[in-house]
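> Let me see the structure of the following:
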Amino acid sequence: MGLARFGRPKGALSSPNLFVANCGPAVGLSHDAIATAFGAFGQVSGVHAADDTGARVVVSFAQESSAQNALNALHGRPCPDLKGRTLHIRYSVLQPTSMGRVDDSVEVSLLHSELKIPGLYLFHDFVTAKEEEELLAAVDERPWKNLAKRRVQHYGYEFCYETRNVDSKKNLGEFPSFVSPILERISMLSKREDVETIALDQLTVNEYPPGVGLSPHIDTHSAFEGLIFSLSLAGPCIMEFRRYFEGGWLPRTSSSIDIETENSENNSNFLRRAIYLPPRSLLLLSGEARYAWHHYIPHHKIDKVKGSVIRRGSRRVSFTIRKVHKSEQLLANVNFRYTVILRGKKGIVVFAGYMVIHPRVPFIKVTQAHLDNLQNDPTSLLETAITIVVRAENDNTKAHASFSDLSFTLSFQGMKIARLVANPFDVRKNDSVDFNYVVESSSIPLSSGQVDQVDSSLKRDRISFDLKGNVRARWRVGLVGSVKFWGHLNCRLNFHPSNGSYIYSPCSSRAK
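Residues are numbered from 1 along each chain as shown. Now for the predicted structure:
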């Protein structure tokens with residue numbers, strides 16, 4: 001079925017077409033199942049993909065009254081016939097496009113050399129068809145963990161999707177035996193010398209149903225070292241890459257890419273590339289490809305490659321293999337001012353003297369941020385993804401700083417998007433540590449007033465998010481004891497929605 005365009009009806013209060021969010025293949029609902037559920041209200045003439053996310057559809061009825069009955073019965077309520085999902089529905093004007101249309105706005109390469117991205121390598125036929133079958137059978141014999149849109153398995157260390165990090169102190173044990181041949185073959189790759197010595201110790205197995213992809217992201221810097229391997233099994237897909245410049249992640253002058261190969265979107269803020277990942281191929285991200293380029297998988301059922309339309313399989317399974325950083329320093333993104341905890345007269349005397357001699361309190365600041373995704377659909381739902389890079393800094397030359405009890409809330413117009421937490425961590429004296437944190441929101445329902453505010457923000461090309469919360473910081477003071485501080489966060493992050501760039505403003509816990 002081709003991708004269909006949709007919009008709000010103009011000059012009419014109703015329509016035989018309904019735009020339905022939180023509904024589609026990406027959330028485990030086939031078009032046939034959707035047609036059956038909505039068929040209880042009248043004849044359904046078609047179910048169309050509303051966009052390429054796989055989580056929104058347009059349901060077309062033969063009669064306008066049937067659409068009205070379905071909207072009144074299902075909008076904002078769990079639908080038992082659709083796995084209990086809460087549907088968000090609005091009238092829509094359907095404008096079908098040609099059958100089989102796919103997004104071909106960026107040319108898809110078959111070879112990594114065509115991308116001109118330093119540090120990116122693609123190895124075709126890394127495993128045989130028989131080995132692929134054996135690997136799939138091996139993971140299917142083991143338990144899967146269900147996420148919102150896909151299933152996962154973790155080995156070595158578990159990746160926490162809430163904090164975008166791993167706990168290096170909690171080892172899950174050795175890799176299962178079926179992973180050994182993959183690791184041995186990786187160690188013999190000719191493209192990189194450093195793969196011979198790296199001891200890969202974390203594996204995430206992902207299973208993607210049809211139409212499900214990944215949001216743009218960079219694998220967490222603080223969690224994993226510099227080599228990321230991804231083995232594709234069962235089905236093909238397109239992986240796209242974006243490298244941001246002004247207001248993005250690295251300055252334009254540092255790029256090793258010929259700027260004459262400008263991206264196909266005519267957007268001077270980032271370059272865009274895409275590569276086809278066939279089954280049994282191994283992708284390696286290192287260097288610039290690992291740290292400077294966001295990678296993601298579009299939520300498509302079909303992809304256009306060199307003039308051919310390729311349909312994704314009934315499932316795609318990936319083995320993502322990495323090396324965990326064994327640092328004790330773990331952090332979520334925070335910004336705050338400090339307050340002081342004083343205990344007893346001796347504590348006051350020690351603290352006062354210490355602050356006179358060493359007035360620099362440990363602090364954290366935002367060094368970079370980026371609005372990776374912002375979607376505002378006709379049903380008044382907002383989806384967003386934000387990456388924030390923070391630096392924990394300790395300017396004290398004579399004492400280590402400890403941070404704990406991190407708890408911060410990212411919100412939009414008073415609505416909580418995510419709670420950011422982290423394990424305790426230390427920053428050595430006169431040192432700092434950088435961390436990368438990614439937040440991907442679920443669908444956020446907006447009131448009519450909030451919809452107007454979002455529309456206004458898009459027109460002004462400026463949108464804001466609030467970051468608030470608390471953290472505890474501590475210094476060890478000689479033989480006497482420790483000095484503790486409570487840090488309070490109250491920070492606003494501003495972005496340009498047109499390109500996702502961060503509008504810098506001081507965002508630090510340092511006292512003013």
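> Confirm S457 sits in a strand?
No: per DSSP: H, G, I helix; E, B strand; the rest coil, S457 lies outside any strand segment and is helix.
> beta partners of the residue lying closest to it once chain neighbours are set aside?
Leaving out its chain neighbours, the residue that sits closest to S457 by C-beta to C-beta, 6 or more residues apart in numbering is I463, at 4.1 Å. (C-beta placed from N, C-alpha, C; glycine too.) Taking DSSP bridges as the rule, I463 bridges to F495.
> Least confident secondary structure element in this protein?
Every helix and strand in the chain was compared by mean pLDDT, DSSP states H and E; the lowest is strand 337-341, with a mean of 28.
> Can you list phi and psi of A137 for me?
A137 adopts backbone torsions of phi -60, psi -40, taken as degrees, to the nearest 10.
> typo on my end, A33
With angles defined as degrees, to the nearest 10, A33 sits at phi -60, psi -40.
> what about the closest residue to it other than its chain neighbours, how many neighbours?
Nearest residue to A33, sequence neighbours excluded (C-beta to C-beta, 6+ apart): L82, at 6.7 Å. Neighbourhood size, L82 [other C-beta atoms under 10 Å]: 21.
> picking up where we left off before, how many residues are close by the residue nearest to S457?
For I463, the number of neighbouring residues by other C-beta under 10 Å comes to 22.
> Confirm for me that it is in contact with L493.
No: checked against C-beta atoms under 8 Å, the pair I463 and L493 is beyond contact range at 9.4 Å.
> which residues of the stretch 351-500 of the chain fall in helices?
All helices of the stretch 351-500 of the chain, identified by DSSP state H, counting those that start in this stretch, fall at 448-460.
> Skipping adjacent residues, who's closest to N69 in space?
Nearest residue to N69, sequence neighbours excluded (C-beta to C-beta, 6+ apart): F41, at 4.6 Å.
> What is the burial count for that neighbour?
Using other C-beta under 10 Å, F41 has 21 neighbouring residues.
> Can you pull out the low-pLDDT segments for the stretch 201-350 of the chain?
Along the stretch 201-350 of the chain, the parts satisfying pLDDT under 70 run over 221-222, 244-270, 326-350.
> do that again at 80, thanks
215-217, 219-223, 244-270, 307, 325-350 (pLDDT under 80).
> in it, which spans are helices?
Going by DSSP H, counting those that start in this stretch, the stretch 201-350 of the chain shows helices at 287-291, 344-357.
> same thing with the stretch 51-200 of the chain?
64-74, 112-115, 129-140, 180-187.
> Quick one: mean pLDDT over the third one.
Rounded to a whole number, the mean pLDDT of helix 129-140 is 95.
> Now do it against helix 180-187, angle only.
Helix 129-140 runs at 120 degrees relative to helix 180-187, counting by axes from the mean of the first three to the mean of the last three C-alpha atoms, to 10 degrees.
> What are the buried residues along helix 129-140?
Residues 131-132, 135-136, 139 are the ones in helix 129-140 that count as buried (16 or more other C-beta atoms under 10 Å).
> Same question for stretch 112-121.
Residues of stretch 112-121 classed as buried under the neighbour-count rule (16+ other C-beta under 10 Å) are 112, 115, 117, 119-121.
> Run the chain-centre distance for it.
Distance of stretch 112-121 from the chain centroid (C-alpha atoms, centre = their mean, to the nearest Å) equals 23 Å.
> end to end, how far does it reach?
One end of stretch 112-121 to the other measures 5 Å (C-alpha to C-alpha, to the nearest Å).
> got it, and stretch 410-424?
Stretch 410-424 has an end-to-end distance of 20 Å (C-alpha to C-alpha).
> And it, what's buried?
Under the neighbour-count criterion of 16+ other C-beta under 10 Å, stretch 410-424 has 410, 412-413, 417-418, 420, 422-423 buried.
> need these in JSON lines with distance to A392 and pLDDT, can you?
Shown next, in JSON lines, are those (distance: C-beta to C-beta, whole Å; pLDDT from 0 to 100):
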{"residue": "L410", "distance to A392": "18", "pLDDT": "85"}
{"residue": "F412", "distance to A392": "25", "pLDDT": "87"}
{"residue": "Q413", "distance to A392": "29", "pLDDT": "85"}
{"residue": "I417", "distance to A392": "22", "pLDDT": "82"}
{"residue": "A418", "distance to A392": "20", "pLDDT": "77"}
{"residue": "L420", "distance to A392": "14", "pLDDT": "74"}
{"residue": "A422", "distance to A392": "10", "pLDDT": "69"}
{"residue": "N423", "distance to A392": "13", "pLDDT": "73"}
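> tell me the two of those that are most distant?
Q413 and N423 (30.4 Å; C-beta to C-beta).
> Surely K429 and T397 touch.
Yes: at 5.7 Å, K429 counts as touching T397 under the criterion of C-beta under 8 Å.
> For these two, work out which one has more neighbours and name it.
Set K429 next to T397 and count neighbours by other C-beta under 10 Å: K429 wins out with 14 against 10.
> phi, psi of that one?
phi -60, psi 140.
> need the contact list for it.
K429 is in contact with 394, 396-401, counting by C-beta atoms under 8 Å, 6 or more residues apart in numbering.
> mind checking how far it is from N394?
Distance, K429 to N394, by C-beta to C-beta, to the nearest Å: 6 Å.
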